[in-house]
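# pasting a predicted model and its sequence here:
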Amino acid sequence: MTAAENVCYTLINVTSDSEPPSEVSLKTDLEKGEIKAKTEALKKVIIMILNGEKLPGLLMTIIRFVLPLQDHTIKKLLLVFWEIVPKTTPDGKLLQEMILVCDAYRKDLQHPNEFIRGSTLRFLCKLKESELLEPLMPAIRACLEHRHSYVRRNAVLAIYTIYRNFEHLIPDAPELIHDFLVNEKDASCKRNAFMMLIHADQERALDYLSTCIDQVHTFGDILQLVIVELIYKVCHANPSERARFIRCIYNLLQSSSPAVKYEAAGTLVTLSSAPTAIKAAAQCYIDLIIKESDNNVKLIVLDRLIELKEHPTHERVLQDLVMDILRVLGTPDLEVRKKTLHLALDLVSSRNVEELVIVLKKEVIKTNNVTEHEDTDKYRQLLVRTLHFCSVRFPDMAANVIPVLMEFLSDTNEAAAADVLEFVREAIQRFDNLRPLIIEKMLEVFHAIKTVKIYRGALWILGEYCSTKEDIHSVMTEVRRSLGEIPIVENEIKKETGELKSEDEVSAAPAQKLVTEMGTYVTQSALSSSRPSKKDEDRPPLRGFLMDGDFYVAASLATTLTKVALRYVAIVQDKKKQNSFVAEAMLIMVTVLHLGKSSLPKKPITDDDVDRISLCLKVLSECSPLMNDIFNKECRKSLSHMLTVRLEEEKLSQKKESEKRNVTVQADDPISFMQLTAKNETTSKEDQFQLSLLAAMGNTQRKEAADPLASKLNKVTQLTGFSDPVYAEAYVHVNQYDIVLDVLVVNQTSDTLQNCTLELATLGDLKLVEKPSPLTLAPHDFANIKANVKVASTENGIIFGNIVYDVSGAASDRNCVVLSDIHIDIMDYIQPASCTDAEFRQMWAEFEWENKVTVNTNITDLNEYLQHILKSTNMKCLTPEKALSGFCGFMAANLYARSIFGEDALANVSIEKPIHLGPDAPVNGHIRIRAKSQGMALSLGDKINLSQKKATL
């Protein structure tokens, strides 16, 4: 076994800049030094041996002068020393000196101090030489009866490891430990003993559990956890035992330990799919989320609930627990709330939607009352979106939701208000019966809207859907109220001149005298005193936007006024009233146009906005039927079409999701027998404890074996040539935050290669965890060396190095074989993800690193090129398929992905097909990549550059 495969017991930090001491000085310190000097010398010896030094001359010195000492620090260091020191001669025989060491440890096992006894027993677990352990067996057995629990529990561990490695030394270990377990009272000792029986003799463990199954709930949590594991393994191997132990698992759901409850719930789900069992497990998970304070624990347990939901039969049970799940919203963490709302939304049905909406409405109102926090706005946004989805899926709920949400149109947080506006726009278009209610609420909150973007949207909705004479008058009143006195330019000039006069009067007033803290007089001029100008405070909202130079809202206002005026003309028959209303609308547009051309606003009006307002004036002056149709019918048709397409997409994605979940069994499907199933075919029958251990160790071969495309062979990199004296190839296994290099080294010569060392270095954000230990390779022999590399961020990295070795018997210098570079691909860390258009735009504005890649490809079709980029970059296309369908010679699409480190990557593809160059002309254009970090943007750009061209066969 290589160093990487060995279980690591001792980690020692070595200072690299210190000079290694000589063997003579160490010997002197160990023989004649004080206790402190001996301790320091022993530490240096340990570090030198760990670094590969051979110090055979010091072994007898340490046995003679250090081993007899009773100092606890020395004894602790000696345990480390005996663990790492070579104990055999080159031909594999035990060193004679080790007999003396063995005798010293026999005495330590009988030492009156429990710490020395216990730590010696722990050390014996690491010994791999049966000749050393054999004389110590009686003393180890005797430690099982020691008065102190620390000694007893380490004695159990020592017996277990000795039994596992050298069964002949203690063949009666299971019986001995079973008897010990029956009489033991200490929880930690019982846990270790029970753990040993599970792995060494499961039958005895079951016998013991059967005798005390009714008292399990009174045991300590560490023993309960081991009992849960045993029950899982037994029922997994022998399903007929389930009925015998399932009651015990039910009882453990009530344990006081959160860890036991979590494991018991997970085990219960795997043992039984009965609704009562699923409900009990889910309830246990929900209690854990609410009671545990650690957000990481909450997220892990939430993930288990989401896994439960994926099963179609379990989903029905969870639907009844939606209200309990919503209790988790009491957690202040945004990520927990987000997952909870997503889960609740997936589980909502016509039975529980009413209760869900009531809870969400209460939460929305709560966010209004709390003190502002950066997450409060985001949480409010989440709630608004959830209510939006509920209303779309269950139209009956919309009437309850809309009045509460419309209060938030006047919110200072633009993102939440924009979500409400989007929801209102969809609701007013889809639900005809709610239009009067929405118009009424919109008119109520219209004057309180604070942000220009929301104001524009509200204007559009009012202009599009006000159809009665009273509503049209109300809109006009609100617009006039929001605009203030007109004409605006004259009014503003009057205000300016009026304020100047008042200031002149103030300057003529006597200067105010003030007294300082010192008692002296100071004079303050009325002109120099800073005070807020009244004109900014008193301005109505719309006039404020216009004075700030935001004339886009003026264009929106012109369109709204045109729509309502045309509709008013159609409704009211009185010509005088018609002309009066149209004239008022035209007056408002003209006065806004005049303001834009004047020097009063901070920014002048743009030509686009002038064109739009002028067009609206022309439409109102002519009132042609064609324009009437365009303004009052075609606009609404466009919105209706967009909402229909979006609804179809949502339904399609939901259908795909449900198809994934629904397990349909065809008449001719093969029946799988558990006993005949191949290891890689097992799904829910896999040992969950083993799987979680493999995942933690980064060892996920099972999944790879199931997918032949992702097999090991595809990830093998050749490092040296076939004619090199040492052939090497590496299997690169990427496991989230670290990379495991499994390097096969083959000695192709007829000589023995000594101190064959793999030396590696890294470029990029990679870090080598440990230095691989040297090997000795016999002629034509081979070995595997494992090296771990930690990954800190998403960017391309390079691992390079060489293999150095000595040829046995040769006097020449060390030989060196240079290895090929191993390129670590960014694609191993990038996963497709999705986000809303608004989030994409926000991130696009925030991210500072941009990489512009010019399209250089041999692909001639736009759609084919996009699909090729998606496949090679692992990104997801956010632009809907319908928007990309058809052919117009140009295509623009937004792509998004997220790395396993939580970094976002955005890309915008703008490509065209140069038709004038003929049908075989390749696609050209640009791809702009944006990311928070430079490495991500550059690496993704390099990846696109490398894979742009389609491989020709």
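Received, thanks. Residues are numbered from 1 along each chain as shown.
# contacts and neighbour counts: CA atoms only from here.
Will do.
# I'd say residue 850 and residue 933 touch.
No. With contact defined as C-alpha atoms under 8 Å, residue 850 does not count as touching residue 933 (9.4 Å).
# send me the host helix or strand of residue 869 as CSV with only the CA atoms.
Assigned by DSSP states H and E, residue 869 falls within helix 862-873. The C-alpha trace of helix 862-873 is given here as CSV (Å, rounded to 0.1, in the frame of the first residue of the first chain):
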residue,chain,number,x,y,z
LEU,A,862,-26.1,29.1,-36.2
ASN,A,863,-28.1,26.7,-34.1
GLU,A,864,-25.6,23.9,-34.5
TYR,A,865,-22.8,26.3,-33.4
LEU,A,866,-24.8,27.3,-30.3
GLN,A,867,-25.4,23.6,-29.4
HIS,A,868,-21.7,22.9,-29.9
ILE,A,869,-20.7,25.7,-27.5
LEU,A,870,-23.3,24.5,-24.9
LYS,A,871,-21.9,21.0,-25.1
SER,A,872,-18.3,22.0,-24.8
THR,A,873,-18.7,24.6,-22.0
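# so for it, what gets flagged as buried?
Across helix 862-873, burial judged by 16 or more other C-alpha atoms under 10 Å covers 862-863, 865-866, 868-870, 873.
# out of the residues you listed, who's nearest residue 85?
Nearest to residue 85 out of the buried residues of helix 862-873 is residue 873 (C-alpha to C-alpha; 50.3 Å).
# from memory that closest one sits against residue 943, does it?
Yes. Residue 873 is within contact range of residue 943, at 7.1 Å (criterion: C-alpha under 8 Å).
# hmm, back to that, of all the buried residues of helix 862-873, which two lie farthest apart?
862 and 873 (16.6 Å).
# ok, and what's touching the helix holding residue 869?
827, 859, 876-877, 884, 889-891, 909, 911-913, 923, 940, 943-944, 947-948, 950 (C-alpha atoms under 8 Å, 6 or more residues apart in numbering).
# list only buried entries from the residues you listed.
827, 859, 876-877, 884, 891, 909, 911-913, 923, 940, 943-944, 948.
# next SSE after the worst-scoring helix or strand of the chain on mean pLDDT?
Ranking every helix and strand in the chain by mean pLDDT, DSSP states H and E puts helix 701-706 at the bottom, with a mean of 41. With elements assigned by DSSP H and E, the helix or strand that comes after helix 701-706 is strand 716-718.
# averaged pLDDT, that following strand. What do you get?
Strand 716-718 carries an average pLDDT of 86.
# stretch 277-286 too?
87.
# with stretch 569-576 instead?
Mean pLDDT, stretch 569-576: 80.
# run through who's touching that stretch.
Contacts for stretch 569-576 (C-alpha under 8 Å, 6+ apart): 468-469, 578.
# redo those residues as CSV? Include secondary structure.
What follows is the contacts of stretch 569-576, written out as CSV (DSSP: H, G, I helix; E, B strand; the rest coil):
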residue, secondary structure
468, coil
469, helix
578, helix
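# okay if I get those residues as CSV plus neighbour count and distance to residue 300?
Formatted as CSV, those follow (neighbours: other C-alpha atoms under 10 Å; distance: C-alpha to C-alpha, whole Å):
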residue, neighbour count, distance to residue 300
468, 15, 54
469, 14, 57
578, 17, 65
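# take the residues you listed and lay them out in TSV including distance to residue 749.
Output for the contacts of stretch 569-576, formatted as TSV (distance: C-alpha to C-alpha, whole Å):
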residue	distance to residue 749
468	96
469	99
578	103
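# the longest helix in this structure is where?
helix 635-661 (DSSP state H).
# ok, back up a step: looking at the buried residues of helix 862-873, which is nearest residue 54?
residue 873 (50.9 Å).
# that closest one and residue 939, how far apart?
11 Å (C-alpha to C-alpha, to the nearest Å).
# cool, and residue 281?
On the measure of C-alpha to C-alpha, residue 281 and residue 939 end up 45 Å apart.
# higher neighbour count, the two?
residue 281 (25 against 19; other C-alpha atoms under 10 Å).
# now do the buried residues in the helix or strand where that one lies.
Residue 281 belongs to helix 275-291 when assigned by DSSP H and E. Of the residues in helix 275-291, 275, 277-290 count as buried by neighbour count, 16+ other C-alpha under 10 Å.
# now the element after it, going C-ward?
helix 295-310.
# for the record, mean pLDDT for the helix or strand following that following helix?
Per DSSP H and E, helix 295-310 leads on to helix 312-319 as the next helix or strand towards the C-terminus. For helix 312-319, mean pLDDT is 79.
# check what pLDDT residue 907 gets.
In the predicted model, residue 907 carries a pLDDT score of 92.
# what's the local residue count around the nearest residue to it once chain neighbours are set aside?
Spatial nearest neighbour of residue 907, excluding adjacent residues (C-alpha to C-alpha, 6 or more residues apart in numbering): residue 929 at 4.3 Å. Here the number of neighbours of residue 929 (other C-alpha under 10 Å) works out to 24.
# check the one 4 residues further on too.
Residue crowding around residue 933 was assessed by other C-alpha under 10 Å; the count is 18.
# then residue 854?
17.
# is the residue nearest to it when sequence neighbours are not counted in a helix, a strand, or coil?
Distances taken as C-alpha to C-alpha, 6+ apart put residue 926 closest to residue 854, at 4.6 Å, once the chain neighbours are dropped. Classification of residue 926 by three-state DSSP places it in strand.
# residue contacts, residue 926?
852-855, 909-911.
# if it is in a bridge, with which residues?
Following DSSP bridges, residue 926 is listed with bridge partners residue 854, residue 910.
# separation between it and residue 869?
The spacing between residue 926 and residue 869, counted by C-alpha to C-alpha, is 12 Å.
# ditto for residue 418
33 Å.
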